[in-house]
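Visitor: Just the structure for this:
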Amino acid sequence: MAKVLYTAQAHVTGGRDGHGQTTDKQLDVDLRIPTEMGGAGGGTNPEELFAVGYAACFESALMNVARRRHTDAGDVAIDSKVSLLPNGEGGFQLAVTLDVTLASIADRDTAVALIKEAHTVCPYSNATRGNIDVELLLAGAAL
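Guide: Sure, this is the predicted structure:
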């Protein structure tokens, strides 16, 4: 097994209508079922946390790839969507859309290449590959 670089730890009680906190206390959230699913809302939920985490991780991977290619990616923005869907077998599955904006890169081919390579580097992409649908977009357009 490879050397562990970092391990995040959290404690959750109450599931989707509970409370979560990382052991370093830097993240402390009330978890609530969203109103769209019949809940009261008023807190965050696992899908929102996953959307933020995936987008942040993907942006870091993209910046790493750009550095390796000696390319200045400039300001990067990622709009992420994480959808919860029934899987048809009584369970649920996720689907993700990552819409990447690379305003500093005028050449579409270069931008697409960076996004595709970031998708091979990002730990979230590697963890979800083959398990959930992940759609990658560049400024709202399919790659």
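Visitor: Surely residue 47 touches residue 94?
Guide: Yes. Using Cβ atoms under 8 Å, residue 47 makes contact with residue 94 at a distance of 7.3 Å. Just so you know, the C-beta spots here come from the backbone N, C-alpha and C atoms, and that holds for glycine as well.
Visitor: joint contacts of these two?
Guide: Shared contacts of residue 47 and residue 94 (Cβ atoms under 8 Å, 6 or more residues apart in numbering): 82-84.
Visitor: Show me these that map onto strands.
Guide: When DSSP state E is applied, those are split such that 82-84 fall in strands.
Visitor: which of those tops the neighbour count?
Guide: residue 82 (21 neighbours; other Cβ atoms under 10 Å).
Visitor: How much space separates it from residue 126?
Guide: Residue 82 sits 17 Å away from residue 126 when distances are taken as Cβ to Cβ, to the nearest Å.
Visitor: starting at the chain centroid, how far to the top helix by length along the chain?
Guide: In the chain, taking DSSP state H as the definition, the longest helix is helix 46-68. Helix 46-68 sits 6 Å away from the centroid of its parent chain (Cα atoms, centre = their mean, to the nearest Å).
Visitor: Brilliant, that's me finished.
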